[in-house]
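Trainee: Just to be clear, the model below is a prediction. Sequence and coordinates:
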Amino acid sequence: MEQVRPPAVAGTFYPADPAQLEGMVRTFLAEAQPSAGPPPRALIVPHAGYVYSGPIAASAYATVADTNVERVLLIGPSHYVWFPGLAHPDVDAMLTPLGSVPVGRGPFHHTPVIYSPEPHRREHSLEVQLPFLQVLFGAPTVIPLAVGDATPEEVAQAIEEAGDASLVVISSDLSHYLPYEQARAVDEATARAIVNLDPASLHRDSACGVIGIQGMLLYARRHGYRCRLLDLRNSGDTAGDPDRVVGYGAFAFTKET
């Protein structure tokens, strides 16, 4: 029998109604600034509720709108469950209101990946990426990995071993619950470190998905990728209280020419 992971945050982080959800995603993508240059190999994308971070996520996804993506490696932090290494949900598909997304399994020979549905049961960091992928690509195969007690090197190894993935999506928000101007300064420093491929300048308060970001930066340095900042805003710019904001960044990684 096929094992399926149902949506956990439909109706809270994004609309549960399929038509409303698809319309929202398409509007975000249509309003995103077009991006010049070759399509990226990897993206860093935020994962908050769509009214807060959807426009910034669209800035990243718009860069791959005209590409053929069949297999996506999704890496995001585990917010609710502790475990060693990285966790695959051990299912055959993930559901959203837009339908079913097939799940691939790797292979991961040297990366510490556990196969367990528990870390993914309530987790939103990967789920909220799926409707964007569905609107753009239909039903691409995804390899979803939640990051637990892992190192950046282990994340880089996971990206290495999933080398046949045509797109890597690192899911992360940036600073959390700072006043607007302070958040802007902190997030600008974080963005500089990311663009400079400088994982050592990042720390746990830089981003909730900092380990995934650092792993991507290690991989990018080793394989000759450069990083572009596409969008940098926070919830005070979109739909939130400016006294207590969450930062969002969109970044794209392409091969140096």
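Mentor: Arrived safely, thanks for sending.
Trainee: Check what contacts the longest helix anywhere in the chain and list those residues.
Mentor: In the chain, taking DSSP state H as the definition, the longest helix is helix 180-195. The contact list for helix 180-195, computed with Cβ atoms under 8 Å, 6 or more residues apart in numbering, reads 44, 174-175, 178, 198-199, 201-202, 205-207, 213, 217, 227-229, 232, 234, 236, 242-243, 245-247, 249, 251. Bear in mind the C-beta positions are built from the backbone N, C-alpha and C, glycine included.
Trainee: May I have it as CSV, with CA atoms only?
Mentor: Provided in CSV are the C-alpha atoms of helix 180-195 (Å, rounded to 0.1, in the frame of the first residue of the first chain):
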residue,chain,number,x,y,z
TYR,A,180,12.3,46.1,11.8
GLU,A,181,15.5,48.2,11.4
GLN,A,182,17.5,45.8,13.6
ALA,A,183,16.3,42.9,11.5
ARG,A,184,17.3,44.6,8.3
ALA,A,185,20.8,45.1,9.5
VAL,A,186,21.1,41.5,10.7
ASP,A,187,19.7,40.1,7.5
GLU,A,188,21.9,42.2,5.3
ALA,A,189,24.9,40.8,7.1
THR,A,190,23.5,37.3,6.7
ALA,A,191,22.9,37.9,3.0
ARG,A,192,26.5,39.2,2.5
ALA,A,193,27.8,36.0,4.1
ILE,A,194,25.6,33.8,1.9
VAL,A,195,26.5,35.7,-1.4
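Trainee: Sketch out the low-pLDDT regions of the chain for me.
Mentor: 1, 257 (pLDDT under 70).
Trainee: Just list the residues touching I114, thanks.
Mentor: F83, P84, G85, L86, A87, H88.
Trainee: Which residue, other than its chain neighbours, is closest to the third one?
Mentor: If I follow you right, that is G85. Spatial nearest neighbour of G85, excluding adjacent residues (Cβ to Cβ, 6 or more residues apart in numbering): P112 at 3.2 Å.
Trainee: Contact partners for the one you found?
Mentor: P112 neighbours (Cβ under 8 Å, 6+ apart): P84, G85, L86, A150, E154.
Trainee: Same check on Q157?
Mentor: Under the criterion of Cβ under 8 Å, 6+ apart, the neighbours of Q157 are H110, T111.
Trainee: Please report how far it lies from A42.
Mentor: Relative to A42, Q157 is positioned 15 Å away (Cβ to Cβ, to the nearest Å).
Trainee: As a check, name the ranges of all helices in this structure.
Mentor: 18-31, 50-61, 130-137, 152-161, 180-195, 210-223, 235-238.
Trainee: Quick one: closest of these to F108.
Mentor: Closest to F108 of the helices of the chain is helix 152-161 (Cβ to Cβ; 5.2 Å).
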